[in-house]
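Engineer: 3D model of this:
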Amino acid sequence: MKQRKLIFVAVALTLCVGANAQMPFTKTEVKNDMKRVADWQIANPNTGYEHGDLNWTNAALYMGMIDWAELAEKQDNDATYYKWLTAIGRRNGWHPDKRMYHADDIAVSQVFIDLYRKYKNQAMLNPTIARAEWVMSHPSKGSFELDYRKAETLERWTWCDALFMAPPTYTKLYVLTGDKKYIRFMNREYKASYDYLFDKDENLFYRDWRYFKQQEKNGAKVFWGRGNGWVLGGLAEMLQELPRKDKNRAFYEKLFVTMCRRIATLQSPDGYWHASLLDPASYPSPETSATGFIVYALAYGINEGLLDKETYLPVVIKGWKALLDAVEPDGKLGFVQPIGADPKKVTREMTEVYGVGAFLLAGCQIYKMAQ
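Structural biologist: Purely as a prediction, here's the structure:
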């Protein structure tokens with residue numbers, strides 16, 4: 001019996017070593033790479049158009065930064081990044097951005113909720129609750145036919161990026177308070193967007209209704225890399241909130257797995273997901289914001305046990321290597337497609353704060369599985 005136990009232990013250790021050997025990155029390496037990128041971004045803030053403290057671009061950065069802040073404090077007793085995020089919230093009174101209905105303008109609340117959980121300061125939470133309460137009490141009946149000339153077509157989640165910006169906020173409020181009105185509202189609005197924008201043949205999201213009948217140069221449908229990255233990133237955020245036994249989880253978990261299966265097949269030989277998912281040849285440059293969000297989602301899926309490690313780990317490793325190739329020695333992340341709504345050409349010198357947010361989100365999941 002004792003010998004059998006020893007054999008079992010030896011086999012188990014062999015399997016563990018074999019599994020670890022598949023991951024070529026150490027925790028120290030991953031942490032150092034994230035620190036380099038985070039520090040460069042803090043030292044080089046983008047103050048241009050659509051880059052206010054509360055704007056969606058920076059909200060996506062903060063979401064990656066708060067995961068990194070937790071890791072840095074836990075592993076190195078370094079509270080620098082928590083202090084940086086807290087200073088931003090404090091100087092803005094912990095308010096979301098200005099537009100009442102717009103999904104982009106409540107994205108920053110995800111980080112404020114996380115900071116509330118850490119510090120238990122009610123002032124960090126109250127403005128977010130007030131915004132959500134008002135929107136739920138005055139639900140919009142705006143059209144899903146997005147038209148930037150008509151504000152009412154931006155009041156609901158009529159473009160796929162919105163599924164990263166707003167739903168995690170309502171999910172977090174539901175889990176935090178236990179009040180089902182938040183999840184009921186989120187479910188209704190999310191599923192309305194899903195029914196309108198999700199292509200069940202391709203298992204991908206259109207960016208918005210204007211792309212339903214458009215085609216790429218190769219005749220394929222137009223599915224934007226970062227757009228689908230936004231959706232997957234948002235789903236990963238929501239699934240980290242919803243308990244395993246919560247009845248609301250099943251729909252989002254199924255959608256997450258379905259999209260991951262599809263999008264893993266669209267990785268290019270260079271390790272990136274390009275601006276156009278179905279016509280990468282027309283946009284051959286690397287694109288790190290799409291790649292960052294997708295690597296984040298796939299790595300989370302493996303860590304959570306939702307995705308088969310043997311199948312998806314090689315995809316994640318290849319994607320993380322590609323992201324590292326886009327980081328300059330000083331920590332600048334390149335090849336980030338600028339603000340937009342569809343596939344565009346990208347060059348190495350292009351960077352954006354949301355690309356860094358995606359990199360840090362991915363890195364924290366890579367860290368969990370690294371040696």
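Engineer: how about the strands in the stretch 151-300 of the chain?
Structural biologist: 198-199, 204-205 (DSSP state E, counting those that start in this stretch).
Engineer: avg pLDDT for the first one?
Structural biologist: The predicted model assigns strand 198-199 a mean pLDDT of 98.
Engineer: Partner strands of it, with direction?
Structural biologist: strand 204-205 (antiparallel) (DSSP bridges).
Engineer: Retrieve the pLDDT associated with residue 52.
Structural biologist: Reported pLDDT for residue 52: 95.
Engineer: Do I have it right that it meets residue 95?
Structural biologist: No: Residue 52 lies out of contact with residue 95 (Cβ atoms under 8 Å); the separation is 11.8 Å. Yep, even glycine has a C-beta here, placed from its N, CA and C like the rest.
Engineer: For those two, work out which one has more neighbours and name it.
Structural biologist: Under the neighbour definition other Cβ atoms under 10 Å, residue 52 and residue 95 were set side by side, and residue 95 has more, 18 against 14.
Engineer: Surely that one touches residue 127?
Structural biologist: Yes: with contacts counted by Cβ under 8 Å, residue 95 reaches residue 127, the gap being 4.4 Å.
Engineer: how close does the nearest residue to residue 304 once chain neighbours are set aside sit to residue 34?
Structural biologist: Distances taken as Cβ to Cβ, 6 or more residues apart in numbering place residue 239 nearest to residue 304, at 7.0 Å, with adjacent residues excluded. As judged by Cβ to Cβ, to the nearest Å, residue 239 and residue 34 stand 22 Å apart.
Engineer: The two: who's more crowded?
Structural biologist: Comparing residue 239 with residue 34 by other Cβ under 10 Å, the one with more neighbours is residue 34, at 25 against 21.
Engineer: Determine whether the claim that residue 331 is in a helix is correct.
Structural biologist: No: judged by DSSP: H, G, I helix; E, B strand; the rest coil, residue 331 forms no part of a helix; its state is coil.
Engineer: residues contacting the most centrally placed residue in the chain?
Structural biologist: By Cα atoms, centre = their mean, the chain has its centre lying nearest to residue 233, at 2.8 Å. Residues near residue 233 by Cβ atoms under 8 Å, 6 or more residues apart in numbering: 164, 293, 296-297, 358, 361.
Engineer: Where does pLDDT dip in this protein?
Structural biologist: Within the chain, the stretches with pLDDT under 70 are 1-21.
Engineer: quick one: the helices in the stretch 101-250 of the chain?
Structural biologist: Taking DSSP state H, counting those that start in this stretch to define them, one finds helices in the stretch 101-250 of the chain at 109-119, 126-137, 162-165, 167-177, 180-197, 225-241, 249-264.
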